[in-house]
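Engineer: Got a sequence here, can you model it:
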Amino acid sequence: MKTTSPFQLFVSIFLCIFSFLFSPLQAKDSSEEEIVVQLATEVPLLPMCVGPFQNDASEFSSDYLQSLRSILIFDLNYNGATKVITSQKSDALKALSKEEEFQATCSFDKWKDAHVFYLVKLKMHEKNLSAKVISMNGKSTKLIEGLSFCGDLSKDRRKIHQLADSIMELLFQRQGCAQDHILFTVRRKIPSSDASAPDWTSEIYEADIDGANCKKVASDGAAYLVTPAFLNKEGKGSLLFFVSYKIGQPKIYFASLQGGKFQRLTSLRGNQLTPAITKDGKQIAFASDTTGKSDLFLMPFQPETLSSGKPRQIFAAKGAAQASPTFSPEGEQIAFASNKDGSPKIYVMDIPKIGTKLKDIHPKLISKRCKENSSPAWSPDGKKIAFSAKSQGPRQIWIYDFETGEERQLTQGKGDKENPAWAKDSLHLLFNSTVKDTTELYLINLNQREAIKIPTVEGEKRFPLWK
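Structural biologist: Sure, this is the predicted structure:
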């Protein structure tokens, strides 16, 4: 007989909060799934044209330059500010197609009449790219230079991401996220004739925001790794925290993303799950059943020395389970899921001072409209919390807005959508969606109704986060 898998143990211990995290949903094939953003757009997308590359004695083929342009169009289509349109869309744009050439004069008013706000012109001379970013309203042209390419698409695509973010900065004085990387887990079935062998493995991968340059960053044989958290140590490397079932029970480990041995975070007894870390890396929150049920714990951590202090219990409720903590940007508050009032809901509380009695801690309920709430994620600007909730069937992504005190549904359609993660711009979100036996990653932003699947490696992708 096979032993209980880590996945089964994970579900059985925390059923009331976590049973929905991995359960397959019987629905149509993922290729047919349509995910629609429900929020009213906060800012309308502004139409932009991207001209073809002018090949000025470059060392690259036309096909290669087209590949670079396609990457740029993807970035500009999903930056939350612009929407790329082509000259084939209307007769007016067809008539202006000659002005997409790099040295051509731009007829600002004619482009405005064709409902185009911005035009990007591209030129590759030898190995160097130049881009003109033209604003029709401002009747201005700005030049971007200094990007050198090598002919290796895996490297050059990152230069294109850099260009996309530079365009975002020029036009909107806002930092883009095209250069950001993402982390996520990939769960796969292990083929084996050994009846006592583990059924599944789960490893952690890193990729560009569009899913390219995907690589494995954490693996430990057949060990099951879930719920990663990430800390950038300000030029001193970065740390990856995660839960591993290496010794049977789920325990929290950390390791350098630059390579290195896995280290146990704490010797606390029992199961430890869903770690979260403050921006400065000095506090780590997690759920643990060391007291007999899943409660919230907080422990100090020193990123410079990689040393941790004694964990303390910061919230418990009789007969209830707590999980999935997330810190406010300042690290002074924490949101989490709890079933203390029945169905799991999302609560917020101040970090209690040392010595505060548990009975004197009263978190605020913020999710009231749906059942089975889970995986809250606090936006970097502190204004919103995204979470997953069961809403008339499948689980959907919801947003709680602190400024209005309102909950709004973000997604709809078939498929359980879970584990939202905010980009640093507090505009973009990653999440995973499960349809039938397939789980994929999706990218959305609050200004677009369209969610796009991020193609990566084979396997069930979950627990995305931004690096």
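Engineer: rest of the way, CA atoms for contacts and neighbours
Structural biologist: Fine.
Engineer: Residue 156 belongs to a helix?
Structural biologist: Yes - assessed with DSSP: H, G, I helix; E, B strand; the rest coil, residue 156 lies in a helix.
Engineer: Skipping adjacent residues, who's closest to it in space?
Structural biologist: In this structure, residue 156 finds its nearest non-sequential neighbour in residue 149, 5.8 Å apart by C-alpha to C-alpha, 6 or more residues apart in numbering.
Engineer: and stretch 361-371, how far out from the chain's middle?
Structural biologist: 24 Å (C-alpha atoms, centre = their mean, to the nearest Å).
Engineer: send the alpha carbons of it over as PDB?
Structural biologist: Output of stretch 361-371 as PDB, limited to C-alpha atoms (Å, rounded to 0.1, in the frame of the first residue of the first chain):
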ATOM      1  CA  ILE A 361      -6.800  40.500  19.700                       C
ATOM      2  CA  HIS A 362      -9.800  41.300  17.500                       C
ATOM      3  CA  PRO A 363      -9.100  41.200  13.800                       C
ATOM      4  CA  LYS A 364     -11.400  43.000  11.400                       C
ATOM      5  CA  LEU A 365     -13.400  41.000   8.900                       C
ATOM      6  CA  ILE A 366     -13.100  42.500   5.400                       C
ATOM      7  CA  SER A 367     -14.600  39.700   3.200                       C
ATOM      8  CA  LYS A 368     -18.300  39.400   3.700                       C
ATOM      9  CA  ARG A 369     -19.900  38.600   0.300                       C
ATOM     10  CA  CYS A 370     -18.600  35.100  -0.600                       C
ATOM     11  CA  LYS A 371     -17.800  31.800   1.000                       C
END
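Engineer: Could I get the average pLDDT for that stretch?
Structural biologist: In this model, stretch 361-371 has a mean pLDDT of 94.
Engineer: How about residues contacting that stretch?
Structural biologist: Stretch 361-371 has contacts (C-alpha atoms under 8 Å, 6 or more residues apart in numbering) with 315, 343-350, 352, 373, 389-391, 400, 405, 407.
Engineer: same question, stretch 136-154
Structural biologist: Residues external to stretch 136-154 that are found in contact with it (C-alpha under 8 Å, 6+ apart): 60, 68, 108-109, 111-112, 116-119, 127-135, 156, 159, 166, 170, 212-213.
Engineer: residues contacting the nearest residue to residue 200 once chain neighbours are set aside?
Structural biologist: Once flanking residues are discounted, residue 200 sits nearest to residue 189: 4.4 Å by C-alpha to C-alpha, 6+ apart. If you count contacts by C-alpha under 8 Å, 6+ apart, residue 189 has them with 199-201.
Engineer: Phi and psi next, for residue 189.
Structural biologist: Per-residue torsions, residue 189: phi -80, psi 140 (degrees, to the nearest 10).
Engineer: can you tell me how far it sits from residue 79?
Structural biologist: 35 Å (C-alpha to C-alpha, to the nearest Å).
Engineer: Ok, residue 224 next?
Structural biologist: Note on residue 224: its distance to residue 79, by C-alpha to C-alpha, is 34 Å.
Engineer: Check residue 335 too.
Structural biologist: Distance, residue 335 to residue 79, using C-alpha to C-alpha: 28 Å.
Engineer: what about those two, which has more around it?
Structural biologist: Using other C-alpha atoms under 10 Å as the criterion, residue 335 and residue 79 rank with residue 335 on top: 26 against 23.
Engineer: Would you mark the buried spots in stretch 134-153?
Structural biologist: Across stretch 134-153, burial judged by 16 or more other C-alpha atoms under 10 Å covers 134-136, 147, 149, 153.
Engineer: With only the CA atoms kept, save that stretch in PDB.
Structural biologist: Output of stretch 134-153 as PDB, limited to C-alpha atoms (Å, rounded to 0.1, in the frame of the first residue of the first chain):
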ATOM      1  CA  ILE A 134       5.900  60.000 -30.400                       C
ATOM      2  CA  SER A 135       3.000  61.600 -28.600                       C
ATOM      3  CA  MET A 136       0.200  63.000 -30.800                       C
ATOM      4  CA  ASN A 137      -1.400  65.100 -28.000                       C
ATOM      5  CA  GLY A 138       1.900  66.600 -26.900                       C
ATOM      6  CA  LYS A 139       3.200  66.800 -30.500                       C
ATOM      7  CA  SER A 140       6.500  65.600 -29.100                       C
ATOM      8  CA  THR A 141       9.200  63.000 -30.100                       C
ATOM      9  CA  LYS A 142      11.500  61.400 -27.600                       C
ATOM     10  CA  LEU A 143      14.400  59.200 -28.600                       C
ATOM     11  CA  ILE A 144      15.600  56.000 -26.800                       C
ATOM     12  CA  GLU A 145      19.100  54.800 -27.600                       C
ATOM     13  CA  GLY A 146      21.800  52.700 -26.100                       C
ATOM     14  CA  LEU A 147      20.300  49.200 -26.300                       C
ATOM     15  CA  SER A 148      22.800  46.800 -27.800                       C
ATOM     16  CA  PHE A 149      21.700  43.300 -29.000                       C
ATOM     17  CA  CYS A 150      23.600  40.100 -29.400                       C
ATOM     18  CA  GLY A 151      21.400  37.800 -31.500                       C
ATOM     19  CA  ASP A 152      20.500  35.400 -28.700                       C
ATOM     20  CA  LEU A 153      16.700  35.800 -28.300                       C
END
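Engineer: Distance from the chain centre to it, please.
Structural biologist: The chain centroid and the centroid of stretch 134-153 are separated by 27 Å under C-alpha atoms, centre = their mean.
Engineer: just stretch 433-448 next, same as before
Structural biologist: That offset, for stretch 433-448, works out to 11 Å (C-alpha atoms, centre = their mean).
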